[in-house]
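[1] I need the structure of the sequence given here:
(2 chains)
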Amino acid sequence: MDDFDTQDHQEELSIADLEVLRAFRALEFSTADDSFPHETMPGASLKDQSDTDQSAAFLSEEDMLALFATEADEEIAAMRLAVKQLEQDNRVDSRSLKALKRCAHKVAGTAAAIGCASMSTIARHIETIIKLMEGESLAFQTGLIALFNALQALEATLHSLVSNGYESKNPLLQLEEEYKRLNIDVHVMQNAQISSLFEVTDVTPIQWLSQQTGVLDPNSTSLRVDARHFNKLLESAENFIELDIPMEHAQKQVETALNDLQFAQSRLRRLEPLLSSLTLSVNATLDTLVEDAGYPPSSLVARILQEASIRTSHVPQIKNVAHPQPLLSYEAALWDEMEIDRFSETNVLTHSLSEAITDVALATTHLRQALAHLNSIVVQQVNQASTVRNEVFLLRSLPFNFLVTHLQAAIEMIAGAHSERIQFEVSGEAVEINQDILEKLADPLLELVQMQVAEVLFFTHRSEQGTDQSLYIGFNAHSTGNEITIEISFSQSVPLGAVALLQDTVHQLYGSVTLQEKGTGKITMQLRLPRSQRMIQGLLVRAGSQHVIVSVSQVKRIHFNKLGINGQTVQDRNTQDKLLIGTDEIYDLNTLLGLQAHKQAAEKGLQTALILELDNPGTAIEVDEVVKEVDLVMKPLSKYLCRPGITNTAIDADGNVLLVLNLPEMFRLKEIYQQVSKISIEVDTESDHEQPMLQSGPKVNHKILIADDSIYIRQSLNMTLSHEGYAVIEAADGLQALDQLSKESPDLLLLDVEMPNLNGYDVLSVIRSHQEFSTLKIIMLTSRSSEKHKRRASELGANTYLTKPCPQDELLKTIKSLFGVK
Amino acid sequence: MLPLHGLSTNDLEKMADEEFWNYARVYADTVPRLSSQERNYQDQHLECELSYGNCLIPLKAIVEVLPSPQQYTYLPLAPTWMRGLITWRGEARPLIDLDMYLCGVSSSRQFGMLLIANDNEITVGLLVPGIGLTTTVQFEQVHPSTGPTVFYTPVRAGVMKGVYAEEPVLDVSALLPDVVQQIGMAALYG
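    Here you go, the predicted structure:
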């Protein structure tokens, strides 16, 4: 059910609040003479509105302030009710929290628009507190206290505004002091841009300790951890895992050394008999000489005497003594230290060599045993590293169900009374998925299902009167190795805009999306993603002398053509190559990277290619070699070194940098760069020529739809635009906007982002996926000022983007330029 | 304003111009100076051999001197003077051909040394054909460059402090941000 529909909202309001609303409605149809209802004015110091010159169709500043004060008062009352309800519910998933969030956002935006900075800041603090509570970074009870304090501050500020005509800063300062006391640093949280669904925040250890879940819930199995310490642990674990590669490298080096040693040993062994035979023959010659000269037959003395005789040519007369004959080799082998005189010098040398060979053999055996031991330790280390990696991964994981629950809630909220027409099926809820991945997927998946539901409930239903169509949405998750696969099935065709959005996100996550049509008429989207964004399971690919990494999740298959294609023209070969691998486009990785292209590539035909998981057209990347599959830790590149589709590197065992390629991103961003240069040329050309015949003055017959949940914003815009001669219609939420679009066919839509039911992006996506609205001009008018939002609006098809508070002149000028009016 | 070296603001206002500047000079001399050892280190420069002669790089900006790397990784859309990426202390760092960066021509000589230069949290590898001795630069004798020479192209004039003993002195605190900026821009414009 929708929390924010008018019915529910009115139930939350007091009689006085309803009077205010009725007064606003009356104001919408008021004539020029109508005066603003006095009874809605809070405080006596605001000037009497009866003096206001309504005939000019403008409200004075005081009127605007009064209108804002009334609306803010109404929102604060609603927030009070929501906080009370939240206290009663005593759980963070209470619907009241959502109502509170929406009211706070509305006040923040409207207050900023009117220039009430303190009120806007307090309201943003409320939004931050809610986010912290939702992300369980802030204990529920502490969050409640913080919310009560914020509401008090908001009321006090509003009171000062009403009483004095300007807002006091004191309530905000006091509130921030109180937050400091509670160890809540709202500014840090706001800067960190915490996601609405899941967050890892950078809060102080004291805060974490004070918010131990275990304290609140003794049965809880979860433990709060300081995010900074956790990230350090993660880093250490990754460094530990990274040691695998150098260890394996060192292991290989030892193995090589052992092989060298064994080789040397075998050479020595071969030398041993050779030496024996050689020494025997030398001894025989020597013996002859000695016999002739009467030298002692053996030993060092004999050699010295021999050398001396050669020098002096004098043969000494030596007494013919009995001397040991050199032993035969088998005799020499029977070595006996006690009978050393029996052995000649050559026998001793041979024996020493033999002993050395034995020593080397023994050392080799010991080394082999040590290597076996090292191998077993390395295996254990690799297994342990794998376990650590998996456990660290689990620390950052949530079950898939966590995301599905949010999606289901969103579907129910949109479908409202039509919920029974939606069949929702989930399997693989328990599959653990990295929080970073879930966080990034949450928004595009939400967009996808919201658009699909809106499509079926509002457009298909209208066009096919009488046929009450139902919608099947199925989710399935499973993991294989280091890869997660999420399958999303729909019974209807999927809006391409939402698919594109999802595809972009998945590609950024080094994953891929494929669309499959099942025989049952169901459309299934298959998302393949790496399990972690820090580790990459990739293919080590060679392009020229360069090695790069490509995510396994982005490759459908590898094409090997061992034979090649010979004897055909280059064109024929290209065509045949494409047919061979069944793709429309073949890129050469060398060319893509700007490396020297292979001049012979065309001649030799396609040898190795990676067939990518891109839906349409099929794309292949020709590479020189797929070396092997690797698991590596990714290291982000410094911003200035990042290139289209290259934002991470990995370091190999030799310390070389390996670029991690995100090929779909490379294709997409490469085209964007080409477009940027083209656009800049076109802009320069245009600047030389005046726009042809711009008309002056407003065109009365242009119809503008304002879609904004703030009555104040709608009122002020309505008056401004009506005064300029435009026909104005209004919508208070996304669904009303779509309804008005189909009924009224406006020329231009002023679209807020944060709205109940369908948000501005959802509405934009639905509109741009329908041809009948192709001429509708859309201006996003929102308090969201970040580049991310602007880029998203642009990608979804908004004509322009303005930030609240937007000066009236700028708004009118933008509208006129879109209508081609000077 | 607080009294300045015993004088008040009024005293300063009453001074004649010449008297004021004399006082300012004396006061400036009282600023604590670096010890001779510190100053010596500050002034130490390493002589680097390039195609057109030597240049001087402040020693305090050089973190490590290594042999020229055997391998480096090519980065697409990079300026011509950026050879690629190398790993230094576990991180990818750009490898700059200093000859090519300064004069726009690739060195005909083999690169012999890799200087790891760091300034203000920017770390890059500078490839040079060779290095010479360290020299103590007398900054008072560093003259501004009279104009572009064959040694460096006009666009690189901003990364030179001046000329000392006919050798250009590199200003690393200007060079490294320029390198980073140009590498970043190359990703957009090729």
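
[2] Which helix or strand in chain B has the lowest average pLDDT?
    Lowest mean confidence among the helices and strands of chain B (mean pLDDT, DSSP states H and E): helix B:36-43, at a mean of 61.

[3] Likewise for chain A?
    Considering only helices and strands, the least confidently modelled element of chain A by mean pLDDT, DSSP H and E is helix A:205-210, at a mean of 33.

[4] what's the longest helix in chain B?
    Across chain B, the longest stretch assigned as helix under DSSP state H is helix B:172-189.

[5] Tally up the residues packed near the residue in chain A that chain B sits nearest to, please.
    Among the residues of chain A, A:Y640 lies nearest to chain B; the distance is 3.6 Å by C-beta to the nearest C-beta. Heads up, the C-betas are built off the backbone N, CA and C, glycines and all. Per other C-beta atoms under 10 Å in any protein chain shown, the neighbour tally for A:Y640 reads 16.

[6] Do you know the pLDDT at it?
    Predicted confidence (pLDDT) for A:Y640: 91.

[7] do the same with the one 5 residues further on
    As predicted, A:G645 sits at a pLDDT of 85.

[8] That one: what's it in contact with?
    A:L661, A:N662, A:L663, A:P664, A:E665, A:M666, A:F667, A:R668, A:L669, A:K670 (C-beta atoms under 8 Å, 6 or more residues apart in numbering or on different chains).

[9] packing partners for the longest helix of chain B?
    Using 3 or more C-beta pairs under 8 Å, 6 or more residues apart in numbering or on different chains; DSSP states H and E as the contact test, the elements touching helix B:172-189 are helix A:663-687, strand B:82-88, strand B:91-97, strand B:113-119, strand B:122-128.

[10] any bit of the last one sitting next to chain A?
    Which is strand B:122-128. No. Taking C-beta under 8 Å from any C-beta of the partner chain as the criterion, strand B:122-128 and chain A are apart, separated by no less than 8.9 Å.

[11] Give me the angle between that strand and strand B:91-97.
    Angle of strand B:122-128 versus strand B:91-97, following axes from the mean of the first three to the mean of the last three C-alpha atoms, to 10 degrees, is 40 degrees.

[12] Taking strand B:82-88 as reference, get the angle to strand B:122-128.
    In this structure, strand B:122-128 runs at an angle of 120 degrees to strand B:82-88, with the same axes, to 10 degrees as the basis.

[13] Pull out the buried positions in the very next helix or strand once past strand B:122-128.
    The C-terminal neighbour of strand B:122-128 among helices and strands, as given by DSSP states H and E, is strand B:130-136. For strand B:130-136, the neighbour count (16 or more other C-beta atoms under 10 Å in any protein chain shown) marks B:I131, B:T135 as buried.

[14] before we move on, the earlier item: out of the contacts of A:G645, which is nearest to A:R396?
    The shortest gap between A:R396 and any of the contacts of A:G645 belongs to A:N662, at 21.0 Å (C-beta to C-beta).

[15] Double-check the closest one against A:C642; I have them as touching.
    No. With contact taken as C-beta atoms under 8 Å, A:N662 and A:C642 are classed as non-touching, separated by 10.8 Å.

[16] In chain B, what residue lies closest to chain A?
    Closest approach between chain B and chain A, counting by C-beta to the nearest C-beta: B:G184, at 3.6 Å.

[17] Can you pull the residues of chain B lying near chain A?
    Within chain B, the positions near chain A by C-beta under 8 Å from any C-beta are B:71-77, B:84-87, B:90-92, B:94, B:180-181, B:183-184, B:187-190.

[18] filter these to the buried ones?
    When the residues of chain B next to chain A are checked against 16+ other C-beta under 10 Å, the ones flagged as buried are B:72-77, B:84-87, B:91-92, B:94, B:180, B:183, B:187.

[19] which residues does A:K703 contact?
    Under the criterion of C-beta under 8 Å, 6+ apart, the contact partners of A:K703 comprise A:Y726, A:A727, A:V728, A:I729, A:E744, A:S745, A:P746, A:D747, A:L748.

[20] And the helix or strand harbouring the third one, what does it pack against?
    So that's A:V728. When secondary structure is defined by DSSP H and E, A:V728 falls within strand A:727-731. If you count contacts as 3+ C-beta pairs under 8 Å, 6+ apart, strand A:727-731 packs onto strand A:703-707, helix A:711-723, helix A:734-744.

[21] which outside residues touch the last one?
    Meaning helix A:734-744. Helix A:734-744 is touched from outside by A:414, A:454, A:458, A:462, A:703, A:705, A:707, A:729-731, A:746, A:749, A:751, A:755-760, A:762-763, A:766-767, A:773, A:776, with contacts defined as C-beta under 8 Å, 6+ apart.

[22] which residues sit in contact with A:G797?
    Going by C-beta under 8 Å, 6+ apart, A:G797 touches A:G497, A:L764, A:I767, A:R768, A:I778.

[23] residues near the second one, how many?
    Other residues within reach of A:L764 by the criterion other C-beta under 10 Å amount to 26.

[24] Surely B:V137 is in contact with B:D43?
    Yes. Judged on C-beta under 8 Å, B:V137 makes contact with B:D43 at a distance of 5.0 Å.

[25] Wait, a strand at A:Q492?
    No. When the secondary structure is assigned by DSSP: H, G, I helix; E, B strand; the rest coil, A:Q492 falls in coil instead of a strand.

[26] ok, A:N662 and A:C642, which is more surrounded?
    Between A:N662 and A:C642, counted using other C-beta under 10 Å, the more crowded position is A:N662 (23 against 15).

[27] Chain neighbours aside, what residue packs nearest to the more buried one?
    Leaving out its chain neighbours, the residue that sits closest to A:N662 by C-beta to C-beta, 6 or more residues apart in numbering or on different chains is A:G645, at 4.3 Å.

[28] OK, contacts around A:E772?
    Applying C-beta under 8 Å, 6+ apart, no residues qualify as near A:E772.

[29] Look at it and report its pLDDT.
    Among the per-residue scores, A:E772 holds a pLDDT of 73.

[30] Could you tell me the angle between the helix or strand A:A66 falls within and helix A:711-723?
    Applying DSSP H and E as the criterion places A:A66 in helix A:61-89. Here helix A:61-89 points in a direction 150 degrees away from that of helix A:711-723 (the same axes, to 10 degrees).

[31] Quick check: buried residues in helix A:61-89?
    Taking 16+ other C-beta under 10 Å as the neighbour-count basis, helix A:61-89 is seen to contain the buried residues A:62-83, A:85-86.
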